[in-house]
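J.: 3D, please:
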Amino acid sequence: MMNLIGFKEMLRDEIEDHAQDVTSLSQMEREIRTGLKTLGAIWLSEWLSMLSRHYTASDWECSQCDELAGYERRREANLHTMFGTVRYQRAVYACENSGHRHYPMDEALGLRPNEMSAELENLLAQIGVHLPFAQASTLFEALTLVSVSDQSIDKATQAYGEAVHEVEQEQLEAAYSGKKPRVTPLRLYGSIDGGRVRTRAPKGEEQPWREVKVGAWYQARGVPPSKPNDEWTIHAYDISYYTDICPAEDFGDLFWATGVARGAEDGAELIIVSDGAQWIWELVDLHFPNAIQIIDWFHAYEYLMPVAKQAFDDKIQQQQWLEQVRDALWHGDLETVINACAEHIQSELPAKEDAAQQAVTYYTNNQHRMNYEHYRKQGYQIGSGTIESAVKQIASQRLKVSGARWNLDSARSVAKARAAYLSDQWGGIAQRREHLCHIA
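T.: Residues are numbered from 1 along each chain as shown. Modelled structure (predicted):
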């Protein structure tokens with residue numbers, strides 16, 4: 001540890017030299033922050049110099065061929081760190097057999113010569129999953145006094161998204177090999193939904209919108225209400241999100257692999273709660289055919305209001321009809337719901353414009369997923385608020401930024417990084433990135 005008494009005396013001398021120039025507490029804080037940043041850079045540089053003495057042997061075993069690499073020289077490099085750019089030197093070993101050069105200290109500590117350190121990358125990626133990169137750059141410099149470009153934040157965030165993709169590929173391999181999770185829940189929920197993001201197209205072409213598919217695995221506590229207007233006390237917890245921008249078939253692999261990792265094939269009960277999108281239920285039928293399938297109550301209920309407005313001009317009649325049919329839906333009486341809607345089909349309207357016909361089709365196709373009376377008795381969650389919140393946080397709040405046009409790979413990586421952050425998986429991803437080194 002540093003000599004605190006001597007350090008205090010040095011600080012007193014420094015303060016006395018500048019005491020009369022201070023005009024506010026804010027100025028004092030800025031001066032201290034600048035000094036701490038400078039001190040940190042000196043401290044880190046000296047620390048690296050001390051550690052480099054441990055890597056000064058006459059030779060080093062080559063990891064490429066197991067022959068001995070001979071000491072060549074000391075080589076200088078820069079590190080872009082939380083304290084700005086830091087210079088350091090380390091030993092270089094050259095293997096005549098493989099032609100490979102080794103930097104043992106870089107390899108041991110995960111140093112990244114001429115690139116950002118793991119800690120800097122970690123913090124840049126964290127701010128990058130929250131804010132547009134230009135805003136993130138400005139805020140980061142204001143908080144840390146370290147100047148970084150928006151491109152650096154983009155690069156760091158994408159690196160974390162790519163690490164998430166690596167974890168997903170490992171989960172897929174584990175699922176194919178039959179590896180099971182150590183702990184499986186008695187009741188596991190899953191949900192899938194999608195949002196939209198605008199991506200870049202060749203110059204002169206219309207900027208296409210792509211669907212960001214988002215999934216969630218979670219558990220829930222609490223009980224459903226006895227009436228639809230009562231307070232909903234079921235809350236999701238232990239939530240893990242996953243996402244991609246890809247065809248439904250490819251997303252199905254991710255759905256299956258992440259589900260297996262969460263114990264979806266081994267838990268006592270697997271419940272999938274989502275809206276009525278056909279592609280979602282096709283994936284469920286394919287990958288988890290034994291799952292209990294539930295159409296989100298609120299999506300199911302949304303089909304009734306347009307029918308009421310089409311059927312009645314009087315608002316009181318609309319409300320009376322709506323309450324009666326809603327109660328039938330709440331109790332899982334789909335026959336009554338379908339018949340009530342069918343009575344108001346207007347044959348002169350095209351099917352796509354007839355709210356009653358659309359409702360009849362929707363309820364008929366999904367009636368085996370709408371036994372809400374039974375679901376409530378079992379204590380199942382029947383609302384998909386968890387996945388709707390996920391889509392809002394991942395696709396809308398971060399990717400659907402005013403004026404933004406995303407490269408497809410960048411949008412995918414940022415979405416994956418944000419999903420990992422929201423799933424409390426950031427620490428594990430940071431550990432994967434910590435000891436990666438780029439030798440120069």
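
J.: any idea how this structure splits into domains?
T.: If you go by automatic domain parsing, the domain ranges for the chain are 25-114, 168-294+386-430, 300-369.

J.: format these as JSON lines; extra columns: mean pLDDT.
T.: Converted to JSON lines, the domains of the chain look like this (pLDDT from 0 to 100):
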{"stretch": "domain 25-114", "mean pLDDT": "91"}
{"stretch": "domain 168-294+386-430", "mean pLDDT": "92"}
{"stretch": "domain 300-369", "mean pLDDT": "95"}
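
J.: can you put these in CSV and add mean neighbour count and distance to Leu11?
T.: Where C-beta positions appear, they are placed from N, C-alpha and C, glycine not excepted. As requested, these are arranged in CSV below (neighbours: other CB atoms under 10 Å; distance: least, CB to CB, whole Å):
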stretch, mean neighbour count, distance to Leu11
domain 25-114, 15, 9
domain 168-294+386-430, 18, 34
domain 300-369, 16, 65
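
J.: so can I have a markdown table of those showing distance to Gln151?
T.: Formatted as a markdown table, these follow (distance: least, CB to CB, whole Å):
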| stretch | distance to Gln151 |
| --- | --- |
| domain 25-114 | 13 |
| domain 168-294+386-430 | 11 |
| domain 300-369 | 43 |
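
J.: for Leu143, find the nearest of these.
T.: Between Leu143 and those, the shortest separation by CB to CB is 9.7 Å, and it involves domain 25-114.

J.: so how far is that closest one from its chain's centroid?
T.: Chain-centre distance of domain 25-114: 32 Å, with CA atoms, centre = their mean, to the nearest Å.

J.: so what would you say the end-to-end distance of it is?
T.: 37 Å (CA to CA, to the nearest Å).

J.: what about Gly84? Give its phi and psi, please.
T.: phi 90, psi -160 (degrees, to the nearest 10).

J.: no, scratch that, I was asking about Gln381
T.: phi -70, psi 130.

J.: same deal with Thr81?
T.: Thr81 has phi and psi values of phi -120, psi -180 when expressed as degrees, to the nearest 10.

J.: one step back: tell me which of the domains of the chain lies nearest to Pro132.
T.: Of all the domains of the chain, domain 168-294+386-430 comes closest under CB to CB, at 5.4 Å.

J.: which helix or strand lies directly C-terminal to the helix or strand hosting Tyr71?
T.: Assigned by DSSP states H and E, Tyr71 belongs to strand 68-81. Counting by DSSP H and E, the next helix or strand C-terminal to strand 68-81 is strand 84-94.

J.: for the helix or strand harbouring Ala340, give me every contacting residue.
T.: Assessed by DSSP H and E, Ala340 sits inside helix 334-342. Defining contact as CB atoms under 8 Å, 6 or more residues apart in numbering, one finds that helix 334-342 is touched by 303-304, 307, 321, 324-325, 328-329, 356, 359-360, 363-364, 367, 370.

J.: of the domains of the chain, which approaches Ala134 most closely?
T.: Closest among these, using CB to CB: domain 168-294+386-430, at 10.3 Å.
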